[in-house]
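Chemist: Sharing a sequence plus its predicted fold:
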Amino acid sequence: MTHETPKTMGQQFGRRSWAEPWKIKMVERLRMTTREERDKALIEAGLNTFLLKSDDVYIDLLTDSGTSAMSDEQWAGMMLGDEAYAGSRNFYHLEAALQKYYGYKYIVPTHQGRGAEHLISQIAIKKGQFVPGNMYFTTTRLHQELAGGIFVDVILDKAHDPNSLHPFKGNIDVAKLEALIAREGASKIAYVSLAGTVNMAGGQPVSMANVKELRALCDKHGIKLYLDATRMVENAFFIQEREEGYAKKTIAEILKEFCGFTDGAWMSAKKDNLVNIGGWLAVNDWTMFEELRNLVVVYEGLHTYGGLAGRDMEAMAIGIAESVEDAHIKSRIGQVRYLGDLLTDWGIPIVQPVGGHAIFLNAREFYPHLKQIEFPAQTLAAELYLDSGIRSMERGIASAGRDAKTGDHYYPKLELTRLTIPRRVYTQAHMDVVAESVKAVFDARGATRGLKMIYEPKYLRFFQARFERLIA
Ligand code: P61
């Protein structure tokens, strides 16, 4: 037997190793399952990873939403919850944190991101108006449509190409937006809906240059520019890394500068903000704020708690400050990249460049023999679970849903399976296990058959849809 000198990960990649800027104080034990157990669980779940019981999952990469590990300081903050119905002191801490780090003037808490999307859509969209955005997100588009808006995708074409190496694939194509304004008139545009690190495109960032250009265009036409800030801290990391003039600025400085070009933002705090539940809306315009503050009491709760407990707001205020630390974000994105680098090196097709929160397997290239209507990305999620108990998420035709007018499936260009990395939860060893399982499924790809959908709910169908295997 030949003996190879073991190498650290840093040595293998020709650099000095780095490690997470935290240590583990408490652990949650994981349950391992057999293939037979997983097969049974998968069938019971209708081959939909959303319908699996989490007890049957080994490494849970379904989402980075609400799955972060909170710090000891956040947990300590939970004990400082002021559960007053009105005027909780934790609300004022949250307000101060948002003003300090995001820079907006007025804040409305909500129970999570879609609560905020609901409110802003109801107030800022008139029936029949267009809402241009940088690719759709499921809940965002649905709330825009429920408010009577017509979503228009104005992202760069390159965002729909998983192999394009453009450094800012999340950018809005300003020419597409200008053409829409010219065709429909500025009064028919509700607002421009800009998301930081575009989720469905593979976590791809937006550049500072792009938001500046959008600001100028919106000012010219008197149109508002609102930001989905859900993963905007991660977006700031890519600006620091890739955009000229930002290498020496801190993540906190970049975040605030970017937000400064927008009129307001909505947030799922369950991501960047390092909490298990929460969201918020923030605007600079007093009149808009008054309307939002009025509507929040109808759907979420009083304007100083918006569906949250005081302790949740305290944890969020502390999480916001932790989330903008450069060492945190470097290690968070570094872990995602570590997994991405392994898979890329092994020739497994993933969306490039690797984005902020997840690795997106390109199911079209993974299973070139499957038609899109055979749900390649859903199939891949099911196969991965069966192989190792790793849970991932379909982001393809099932997620895209149907055109409300024609009733036809949307056939998105991107047919992806998302391996989403929770923040501060898993180790490098877990990433190795994940990478090896993806490789095992990849090696067996030729024999894999697709799926058919046998149950389809009306709204956001992917959450509860059921599938059956197609027999060869
Ligand atoms: C996720 F399968 N994301 O990525 P809420 N904006 C953005 C999000 O990523 C987002 C929300 C608004 C989730 C959870 C989720 O189709 C799905 O706090 C950019 O979840 O209400 C949520 O924020 C909504 C998973 C949502 C899905 C919808 O895993």
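Modeler: Nice, I can see it. Residues are numbered from 1 along each chain as shown.

Chemist: longest helix in the protein, by residue count?
Modeler: Ranked by residue count, the top helix of the chain under DSSP state H comes out as helix 326-345.

Chemist: Up against the ligand, what does the stretch 301-450 of the chain have?
Modeler: Met393 (CB under 6 Å from any ligand atom). Glycine gets a C-beta too; all of them are placed from N, C-alpha and C.

Chemist: Helices of the stretch 301-450 of the chain, start to end?
Modeler: 310-323, 326-345, 363-366, 376-388, 397-400, 428-443 (DSSP state H, counting those that start in this stretch).

Chemist: Run through the helices of the stretch 1-150 of the chain in chain order.
Modeler: According to DSSP H, counting those that start in this stretch, the helices that the stretch 1-150 of the chain contains are 9-12, 35-44, 72-78, 89-101, 113-124, 138-146.

Chemist: What residues sit buried inside the first one?
Modeler: Translated: helix 9-12. Going by neighbour count (16 or more other CB atoms under 10 Å), the buried part of helix 9-12 is Met9.

Chemist: Same check on the third one?
Modeler: Neighbour-count burial for helix 72-78, counted by 16+ other CB under 10 Å, picks out Gln74, Gly77, Met78.

Chemist: Only C-alpha atoms, please: export it in CSV.
Modeler: Below are the C-alpha coordinates for helix 72-78, written out as CSV (Å, rounded to 0.1, in the frame of the first residue of the first chain):
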residue,chain,number,x,y,z
ASP,A,72,-25.0,32.7,23.1
GLU,A,73,-25.5,36.5,23.1
GLN,A,74,-28.7,36.1,21.1
TRP,A,75,-29.9,33.4,23.5
ALA,A,76,-29.1,35.7,26.4
GLY,A,77,-31.1,38.4,24.6
MET,A,78,-34.1,36.0,24.4
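
Chemist: For Gly10, give me its contacts.
Modeler: Arg16, Ser17, Trp18 (CB atoms under 8 Å, 6 or more residues apart in numbering).

Chemist: would you turn these into a markdown table with pLDDT and neighbour count?
Modeler: Putting the contacts of Gly10 into a markdown table (pLDDT from 0 to 100; neighbours: other CB atoms under 10 Å) gives the following:
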| residue | pLDDT | neighbour count |
| --- | --- | --- |
| Arg16 | 92 | 8 |
| Ser17 | 90 | 11 |
| Trp18 | 89 | 12 |
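
Chemist: picking that back up, let's have the helices of the stretch 301-450 of the chain in CSV, adding mean neighbour count.
Modeler: Output for those, formatted as CSV (neighbours: other CB atoms under 10 Å):
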stretch, mean neighbour count
helix 310-323, 24
helix 326-345, 19
helix 363-366, 21
helix 376-388, 25
helix 397-400, 24
helix 428-443, 18
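
Chemist: Using TSV, lay out those together with mean pLDDT.
Modeler: Output for the helices of the stretch 301-450 of the chain, formatted as TSV (pLDDT from 0 to 100):
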stretch	mean pLDDT
helix 310-323	98
helix 326-345	96
helix 363-366	98
helix 376-388	98
helix 397-400	96
helix 428-443	98
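
Chemist: Show me the one of the ones you listed that comes nearest Leu142.
Modeler: helix 397-400 (11.5 Å; CB to CB).

Chemist: Can you tell me what sits against that closest one?
Modeler: Contacts of helix 397-400 (CB under 8 Å, 6+ apart): 138, 200, 372-373, 375, 377-378, 409-412, 415, 453, 461-462, 465.

Chemist: residues contacting whichever residue of the stretch 201-350 of the chain sits closest to the ligand?
Modeler: Shortest the stretch 201-350 of the chain-to-the ligand distance, computed as CB to the nearest ligand atom: residue-wise this is Ser268, at 3.2 Å. Listed by CB under 8 Å, 6+ apart, the contact partners of Ser268 are Ser65, Gln112, Gly113, Arg114, Ala116, Thr230, Gly279.

Chemist: Identify the bridge partners of the last one.
Modeler: On the basis of DSSP bridges, Gly279 is bridged to Thr110, Ser268.

Chemist: tell me which of the contacts of Gly10 is nearest to Glu253?
Modeler: Trp18 (22.3 Å).

Chemist: For Leu281, what is the enclosing helix or strand?
Modeler: Applying DSSP states H and E as the criterion places Leu281 in strand 279-283.

Chemist: which helices and strands sit right next to that strand?
Modeler: For strand 279-283, the packing partners by 3 or more CB pairs under 8 Å, 6 or more residues apart in numbering; DSSP states H and E come out as helix 89-101, strand 106-110, helix 113-124, strand 264-268, helix 286-299.

Chemist: Just the angle for the first one relative to strand 106-110, thanks.
Modeler: If you take axes from the mean of the first three to the mean of the last three CA atoms, to 10 degrees, helix 89-101 sits at 130 degrees to strand 106-110.
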